[in-house]
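Novice: Fold the following, please.
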Amino acid sequence: MTAEALTSKTMSPPALASGLVCLAALAAVTTALGFEHIGGYAPCPLCLQERWAYYFAVPTGLAAFLLARAGHMRAAGALLVLCALGFLINTGLGVYHAGAEWKWWPGPASCGAGAGVTTGAGGMLDALNQTRVIRCDEAPWRLFGLSFAGYNAVISLGLAGIAAFGVCSRVGRQER
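Specialist: Now for the predicted structure:
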């Protein structure tokens, strides 16, 4: 997918929407992985769950883009509906996660994650001492008052809207 292909004047709204969803989901998950592996921000279990919609949207958005460019609008629309639903669910999960960070409600019982268990008895005590518990109800970072979970909710809602636009814009158009 090239920038020229995304900005072509002949591109249908479903193709444009699916291309944007695919690229934005790829950018979001790449950013999350960058914060994790380069920035050192280990994800909590909810953070990992919130990535599922993005992992799903990258190949699904690409498939919808290719189908829309080939003129198969129904199939592209069906995939965009799935993306929109996934991102709406993810928006709810992000709001729940952000609310738990702000202590508006309790977080999940499985709120901490640690390192994997060692198989050797000698290294078990060392492994336990080095294990860092990542809590779902504590925001490790905020920018303009929003945590990672808050940004996830905003981005997911935006991507759900873009996917929905791609589906709704094809209503009344001729299809193959």
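Novice: any idea of the mean pLDDT for stretch 43-55?
Specialist: Taken as a whole, stretch 43-55 has a mean pLDDT of 86.
Novice: Below-threshold pLDDT in the protein: ranges please.
Specialist: 1-9, 110-143, 170-176 (pLDDT under 70).
Novice: what's the single longest helix in it?
Specialist: Longest helix in the chain, counting residues (DSSP state H): helix 73-101.
Novice: number of nearby residues for the closest residue to Ile89 other than its chain neighbours?
Specialist: Spatial nearest neighbour of Ile89, excluding adjacent residues (CB to CB, 6 or more residues apart in numbering): Ala53 at 7.0 Å. Where C-beta positions appear, they are placed from N, C-alpha and C, glycine not excepted. For Ala53, the number of neighbouring residues by other CB atoms under 10 Å comes to 27.
Novice: And the one 4 residues further on, by the same measure?
Specialist: Ala57 has 31 neighbouring residues, counting by other CB under 10 Å.
Novice: what about it, helix or strand, and which?
Specialist: If you go by DSSP states H and E, Ala57 is part of helix 52-69.
Novice: got the CA coordinates for that helix in CSV?
Specialist: Extracted C-alpha coordinates of helix 52-69, given in CSV (Å, rounded to 0.1, in the frame of the first residue of the first chain):
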residue,chain,number,x,y,z
TRP,A,52,-5.9,-7.6,20.0
ALA,A,53,-8.1,-5.2,18.0
TYR,A,54,-5.0,-3.7,16.3
TYR,A,55,-3.5,-7.1,15.5
PHE,A,56,-6.8,-8.1,14.0
ALA,A,57,-7.3,-4.8,12.1
VAL,A,58,-3.9,-4.8,10.2
PRO,A,59,-4.5,-7.9,8.1
THR,A,60,-8.3,-7.4,8.0
GLY,A,61,-8.0,-3.8,6.9
LEU,A,62,-5.4,-4.8,4.3
ALA,A,63,-7.8,-7.5,2.9
ALA,A,64,-10.7,-5.0,2.9
PHE,A,65,-8.5,-2.5,1.1
LEU,A,66,-7.6,-5.0,-1.6
LEU,A,67,-11.2,-6.2,-2.0
ALA,A,68,-12.5,-2.7,-2.3
ARG,A,69,-9.8,-1.8,-4.9
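Novice: buried residues in that helix?
Specialist: Across helix 52-69, burial judged by 16 or more other CB atoms under 10 Å covers 53-54, 56-58, 60-62, 64-69.
Novice: out of these, who's nearest Val21?
Specialist: Within those, the smallest distance to Val21 is 4.1 Å, found for Gly61 (CB to CB).
Novice: Pull up the gap between the closest one and Gly40, please.
Specialist: 29 Å (CB to CB, to the nearest Å).
Novice: cool, and Ala163?
Specialist: Distance, Ala163 to Gly40, using CB to CB: 32 Å.
Novice: Which one's more surrounded, the two?
Specialist: Just comparing Ala163 and Gly40: by other CB under 10 Å the higher neighbour count belongs to Ala163, 30 against 8.
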